[in-house]
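Trainee: Sequence first, then the predicted structure:
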Amino acid sequence: MSRKLSYYNGNKTRERFGRRHSARIIPTLSVLVLSTLLLIWAAPPVHASGSVVQQNSKHIPGGPGAVAFTSSVSYGHVIVVAIDTYTWTVPVSSVTDSFGSSYVAAVSLCNITADGCSAIYYATSCWSGSDTVTVKLTFPSTYFDVFIFEVSGITTPTASTGTGAGTGTAVATSSTSFTTEGFLIGTLETFRVDTLTAGSGFTASAEPSGDLFSLNEYSTSGVSSPTTFPATISQSDHWVEVGAAFNSGVASASCAVGVNLHLATYKIVNVQVKLLQGSTLLATRTVTLSYASPNAKVVFQSLLPGIYTVQVNGYSVRTQATTVQTTTINFVIS
């Protein structure tokens, strides 16, 4: 005996005949997942060394604020965010983006005499497409600048970080070592209006329009380990700088596929959830749902970015890995 299984796909509904099961399963997908169904899974490219794919920056008086990449971001790449504020304490409360990526605070430092703080955050992108990074503050900052980078071919977490603060024209952090040079970034805040001459092997980032005190430099080659992220500013001034080094390689697995299960019947149902990549079975979970416990969430964690197939009692939905915080698929069992 056959029965019909309905898939809700945007504005269209299609039906097909499937195998008989003890419970009816209706998978409903969010708009975010629907946009990825036509993608064909492929492993993220392996790069021999770090490469800056694109960068952008913005001066945001007062904050909070958002900075968008001008082109689509690719999954598997690392997003690095440098933040400079005209404050005495680090006011960053959160860093988020359009994909719901989980950002990690790499390093931060403040210098009261410079009236400034600098910080660096990073995340592995689990999605592809348009991306905007949003930085929220715990309190306003008169001068607030954000630099964003999409970098391929680097690992996470950081290999090491450095901090420094002082007065003069020579800027440097504590000594920072790394195994292979993938991506190096130094960001600093000064007390007065200065211009930056990047250190040997580094490139100065373009200052955002309206900026007065934030300076930034980066490198993907030509700097030997260890480094102090050296730079020179145009006049003797109070300054604070932080730097982060990322080794070359493939970013750490930090993506996930989440499945919400809901039982809309009075039965007791054993639900088998499988995760596949192509034809390879990666993991299997079994969940028992009942009238007393009708809801369950199954999350497959520590995945590399890519396209996966989720099977619930034999019925499949393809989706792209995202972050643990984002629910990707809802299954209603009736």
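Mentor: Yep, that arrived. Values in this document were obtained by computation on a predicted structure and should not be read as measured data. Residues are numbered from 1 along each chain as shown.
Trainee: do you know how far Gln311 is from Phe178?
Mentor: Per Cβ to Cβ, to the nearest Å, Gln311 is found 42 Å from Phe178. (Each C-beta comes from the backbone N, C-alpha and C, glycine too.)
Trainee: quick one, which of these two is more surrounded?
Mentor: Phe178 (21 against 15; other Cβ atoms under 10 Å).
Trainee: show me the contacts for the more buried one.
Mentor: Phe178 makes contacts with Ala159, Ser160, Leu184, Ser225, Pro226, Thr227, Ala245, Phe246, Asn247, as judged by Cβ atoms under 8 Å, 6 or more residues apart in numbering.
Trainee: dump the residue contacts of Ser209.
Mentor: With Cβ under 8 Å, 6+ apart, Ser209 has these contacts: His59.
Trainee: In terms of helix, strand or coil, where does it fall?
Mentor: Put simply, Ser209 is coil when judged by DSSP: H, G, I helix; E, B strand; the rest coil.
Trainee: Please renumber the chain so that the first residue is 419 from this point on.
Mentor: Got it, first residue is 419 now, which makes that one Ser627.
Trainee: Distance-wise, check it relative to Thr608.
Mentor: 18 Å.
Trainee: what does Leu633 give?
Mentor: Distance of Leu633 to Thr608, given as Cβ to Cβ: 7 Å.
Trainee: shared neighbours of the two, which are they?
Mentor: With Cβ under 8 Å, 6+ apart as the test, Leu633 and Thr608 both reach Ile651.
Trainee: burial measure for Gly628, as a count.
Mentor: 11.
Trainee: quick one: it from Phe562, how far?
Mentor: With Cβ to Cβ as the criterion, Gly628 and Phe562 are 10 Å apart.
Trainee: list the residues that contact both of these two?
Mentor: Contacts common to Gly628 and Phe562, judged by Cβ under 8 Å, 6+ apart, are His477, Pro479.
Trainee: domains for this structure, by residue range?
Mentor: Per the record, the chain has its domains at 421-460+671-751, 469-664, by automatic domain parsing.
Trainee: Flag the shaky bits of the stretch 519-668 of the chain, pLDDT-wise.
Mentor: Along the stretch 519-668 of the chain, segments meeting pLDDT under 70 span 630.
Trainee: That one: strands as residue ranges?
Mentor: Taking DSSP state E, counting those that start in this stretch as the criterion, the stretch 519-668 of the chain contains strands spanning 522-529, 534-542, 550-555, 562-570, 578-589, 601-608, 614-616, 621-622, 632-637, 649-664.
Trainee: what's the helix or strand following the last one packed up against?
Mentor: With elements assigned by DSSP states H and E, the helix or strand that comes after strand 649-664 is strand 673-681. Here strand 673-681 touches strand 687-695, strand 698-707, strand 713-721, strand 725-730, strand 747-751, going by 3 or more Cβ pairs under 8 Å, 6 or more residues apart in numbering; DSSP states H and E.
Trainee: about what we covered before: so of the domains of the chain, which one's packed in deepest?
Mentor: domain 469-664 (a mean of 20; mean count of other Cβ atoms under 10 Å).
Trainee: Just checking the distance from that one to the centre of its chain.
Mentor: Relative to its chain's centre, domain 469-664 lies at 15 Å (Cα atoms, centre = their mean, to the nearest Å).
Trainee: what does stretch 680-696 give?
Mentor: Put simply, stretch 680-696 sits 30 Å off its chain's centre (Cα atoms, centre = their mean).
Trainee: now do the same end-to-end measure for that stretch.
Mentor: 26 Å (Cα to Cα, to the nearest Å).
Trainee: what sits up against that stretch?
Mentor: Contact with stretch 680-696 is made by 440-441, 459, 675, 677, 679, 699-709, 712-714, 716, 718, 724-731, 748-752, as judged by Cβ under 8 Å, 6+ apart.
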